[in-house]
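A.B. asks: The amino acid sequence is not available; the structure is as follows:
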């Protein structure tokens, strides 16, 4: 772990502790962290993420055309009230594809992904395990348009966006998927034509639109197979802002994701050395 990651993690845990102990910030001594030593001449996936081969011109053209298609989509009623359809943002060669259910109203107004307090907390969550929006993640939604307030997204509307999500996954080729909330997790599995039960999801988690917190608890803490890519479900940052008691389980989930990326890195290294 790098010094920057340790500082970010320490800050994240301090904020969680302050919230749980009355909500007031407590002065603390400053820690001077150093990078952990690694094997000579080798760097991790997280450290050299910017060195992943960039998309070639053909891939860039396909992805740009897909983004334009998403922005122009009018296939379902949600398109009538939106300001814009949000295809997502981030690296086009990501380690992790992050999927939320749908844009928040402020995201729709600003044309940005994860803005305000939710976005700030989300960025801290990512940084704690060496992930960054523009460097090694791509963030998108299973439903690309922001719904009206208190609106329950319908299955037909999810289905309208499903092909977009699958094409994004095939273009981006992430190492792992992080779904923010059970609705996003189930939307990803169903949208990518994966049977939730065959992927390991509880059968009752297939119900969309009720008891999201409990269903997220049912789905988190383990990985599902999504077209051969490991998918982890954790709580949405907006849920964490409303219930600070969720910070501890979110941190456990992020640690599992970090360990999974390290495991995948080891497998890639062994395969490359075996082919030499």
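C.D. replies: On my side now, so go ahead. What you are looking at is a predicted structure, and each value in this text was computed from that prediction instead of being measured.

A.B. asks: which parts of stretch 97-113 are buried?
C.D. replies: In terms of neighbour count (16 or more other C-beta atoms under 10 Å), stretch 97-113 has its buried residues at 97-104, 107-108, 113. In this view, the C-beta of every residue, glycine as well, is placed from N, C-alpha and C.

A.B. asks: ok, now stretch 173-193?
C.D. replies: Along stretch 173-193, these residues count as buried under the neighbour rule (16+ other C-beta under 10 Å): 174-192.

A.B. asks: In helices, which of these appear?
C.D. replies: The subset of the buried residues of stretch 173-193 located in helices under the criterion DSSP state H comprises 182-191.

A.B. asks: And the helices in the stretch 1-150 of the chain?
C.D. replies: If you assign secondary structure with DSSP state H, counting those that start in this stretch, the helices in the stretch 1-150 of the chain sit at 3-20, 57-71, 105-110, 116-127, 133-136.

A.B. asks: quick check: mean pLDDT across the last one?
C.D. replies: Just to be clear, that refers to helix 133-136. Per-residue confidence for helix 133-136 averages out to 92 on the pLDDT scale.

A.B. asks: still on that earlier bit, confidence-wise, which of the helices of the stretch 1-150 of the chain is weakest overall?
C.D. replies: Within the helices of the stretch 1-150 of the chain, the stretch with the lowest mean pLDDT is helix 3-20, showing a mean of 60.

A.B. asks: one step back: please identify which of the buried residues of stretch 97-113 is nearest to residue 137.
C.D. replies: When the buried residues of stretch 97-113 are compared for distance to residue 137 (C-beta to C-beta), residue 98 comes out closest, at 5.6 Å.

A.B. asks: picking up where we left off before, distance to residue 90 for the buried residues of stretch 97-113 - can I get that in CSV?
C.D. replies: What follows is these, written out as CSV (distance: C-beta to C-beta, whole Å):
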residue, distance to residue 90
97, 9
98, 8
99, 12
100, 13
101, 17
102, 17
103, 15
104, 17
107, 14
108, 18
113, 8
